[in-house]
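J.: coordinates for the following, if possible.
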Amino acid sequence: MKKAVIISALVLLLGALCFGVARRDAKWAGVDETVVEKFATAAGRPPREPLINTDQGDLLLFVFLIAGTVGGFVGGYYYRELFPPKAKAQETRTDV
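T.: As a prediction, this is how the structure comes out:
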């Protein structure tokens with residue numbers, strides 16, 4: 001119990017420190033902005049709007065919801081194949 005409390009406190013402390021560093025450097029450029037955009041512009045292909053813009057509203061959340069639902073149904077349908085039942089141990093009879 002004591003170890004769990006110490007480990008939890010250390011994890012929370014580490015998370016708070018990482019959050020503090022992240023808040024200090026509020027603008028972090030992603031890989032798309034720093035690498036891909038630079039090479040695409042150098043190759044003569046400037047950035048354009050995506051075909052399906054998932055940054056607006058809850059569209060991305062809805063897509064993940066549908067994917068999770070489909071995955072859940074498929075996993076439920078094939079549950080016995082994904083997690084086969086354990087073989088029953090041979091019971092020995094002592095009263096013969």
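J.: ok, Tyr79 to Val70 distance?
T.: 15 Å (CB to CB, to the nearest Å). C-beta here means a position set from N, CA and C on the backbone, and glycine is covered the same way.
J.: whoops, I mixed them up, Arg48
T.: 30 Å.
J.: repeat for Tyr77
T.: Distance from Tyr77 to Val70, by CB to CB: 11 Å.
J.: low pLDDT regions in this structure?
T.: For the chain, the stretches with pLDDT under 70 are 18-27, 88-96.
J.: any idea which residue sits dead centre in it?
T.: Centre of the chain computed as the mean C-alpha position; nearest residue by CA atoms, centre = their mean is Phe64, 10.8 Å away.
J.: wait, what's in contact with that residue?
T.: With contacts taken as CB atoms under 8 Å, 6 or more residues apart in numbering, Phe64 has no neighbouring residues.
J.: can you tell me the SS state at it?
T.: Per DSSP: H, G, I helix; E, B strand; the rest coil, the secondary structure class of Phe64 is helix.
J.: that one and Leu12, how far apart?
T.: 28 Å.
J.: rewinding a little: distance of the residue nearest to the centre of the chain relative to Gly71?
T.: To Gly71, Phe64 is 10 Å away according to CB to CB.
J.: do Trp28 as well
T.: Here the criterion is CB to CB. By it, Trp28 lies 31 Å from Gly71.
J.: got it, and Glu49?
T.: Counting by CB to CB, the gap from Glu49 to Gly71 is 29 Å.
J.: check Thr54 too.
T.: In this view, Thr54 and Gly71 are 19 Å apart by CB to CB.
J.: compare the two (neighbour count), which wins?
T.: Between Thr54 and Gly71, counting by other CB atoms under 10 Å, Thr54 is the more crowded of the two (13 against 10).
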